[in-house]
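Novice: when you get a sec, could you give me coordinates for this:
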Amino acid sequence: MKLFIKYMVSNRCKMLVKEELKKLGLHFVVVDLGEVDIMENLTLHQRSQLKEALLVSGLELMDDKRAVLIEKIKTVIINMVHHSDGDIKVNFSTFLSEKLNQDYTYLSNLFSEVQGTTIEHFIIAHKTERIKELIIYDELNITEIAWKMNYSSVAHLSSQFKKVTGLSPSHFKQLKVKMRSPIEDIGN
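Specialist: Just a heads-up that it's a prediction; the model follows:
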């Protein structure tokens with residue numbers, strides 16, 4: 001049985017979900033970001049218990065098909081931007097469409113309607129947060145970050161970064177306190 005869990009965006013979340021499933025005596029096949037595959041069918045009582053336990057931890061068991069699809073879109077974007085080891089060298093609209101086996105126009109319209117923002121803005125917000133992280137790590141220069149994040153140029157990265165943060169990447173790097181947002185809060 002597949003379960004979909006909102007705000008499940010990190011390995012820590014996956015560990016937490018595994019613990020809650022074990023407490024309920026449920027056996028999981030796969031626990032992935034936003035998605036869990038368990039061997040059993042949940043009883044109403046188990047579903048209620050799991051829902052309550054997840055809420056305490058800031059996670060949410062989802063039932064609505066539209067909400068599930070929105071979370072899948074977010075999960076694909078988060079995986080690509082934050083958890084991909086390689087350079088981001090894909091067209092997001094094609095990638096999302098293929099990954100979710102849905103027409104991109106439908107995904108885009110649904111996302112905008114439900115989230116109140118576009119998929120593009122959601123991606124830009126996540127890319128900006130990832131750029132902050134890479135700047136803080138100080139392992140790559142801005143040119144290398146632009147290449148890694150699939151920007152056509154450093155100027156394009158800098159322009160987009162400044163639109164979102166109000167700062168240039170070099171000014172952000174000089175700050176003593178570098179403000180970042182948790183993944184689950186970005187674009188919401």
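Novice: which positions in stretch 174-188 come out as buried?
Specialist: I183, E184, I186, G187 (16 or more other CB atoms under 10 Å). C-beta here means a position set from N, CA and C on the backbone, and glycine is covered the same way.
Novice: please read the previous query as pertaining to stretch 60-75.
Specialist: Across stretch 60-75, burial judged by 16+ other CB under 10 Å covers E60, L61, M62, V68, L69, I70, E71, K72, I73, K74, T75.
Novice: pretty sure the fifth one contacts Q102?
Specialist: Yes: assessed by CB atoms under 8 Å, L69 is found in contact with Q102 at 7.5 Å.
Novice: which residues are in contact with stretch 68-85?
Specialist: 4-6, 8-9, 33-35, 62, 88, 90, 92, 95-96, 99-100, 102, 107, 110-111, 114-115, 119, 122-123, 126-127, 129-130, 183, 187 (CB atoms under 8 Å, 6 or more residues apart in numbering).
Novice: tell me which stretches of this protein form strands.
Specialist: In the chain, the segments counted as strands under DSSP state E are 2-6, 28-32, 35-38, 60-62.
Novice: out of those strands, deepest packed?
Specialist: strand 2-6 (a mean of 20; mean count of other CB atoms under 10 Å).
Novice: quick one: mean pLDDT over that one.
Specialist: What strand 2-6 shows for mean pLDDT is 91.
Novice: ditto for stretch 90-100
Specialist: Stretch 90-100 carries an average pLDDT of 90.
Novice: now it - C-alpha only, PDB.
Specialist: Included here for stretch 90-100 are C-alpha records, laid out as PDB according to Å, rounded to 0.1, in the frame of the first residue of the first chain:
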ATOM      1  CA  VAL A  90      17.700  19.200 -17.500                       C
ATOM      2  CA  ASN A  91      14.700  21.100 -18.700                       C
ATOM      3  CA  PHE A  92      12.500  21.000 -15.700                       C
ATOM      4  CA  SER A  93       9.200  21.000 -17.500                       C
ATOM      5  CA  THR A  94      10.100  18.000 -19.600                       C
ATOM      6  CA  PHE A  95      11.700  16.200 -16.600                       C
ATOM      7  CA  LEU A  96       8.600  16.800 -14.500                       C
ATOM      8  CA  SER A  97       6.300  15.700 -17.200                       C
ATOM      9  CA  GLU A  98       8.200  12.500 -17.800                       C
ATOM     10  CA  LYS A  99       8.900  11.700 -14.200                       C
ATOM     11  CA  LEU A 100       5.200  12.100 -13.200                       C
END
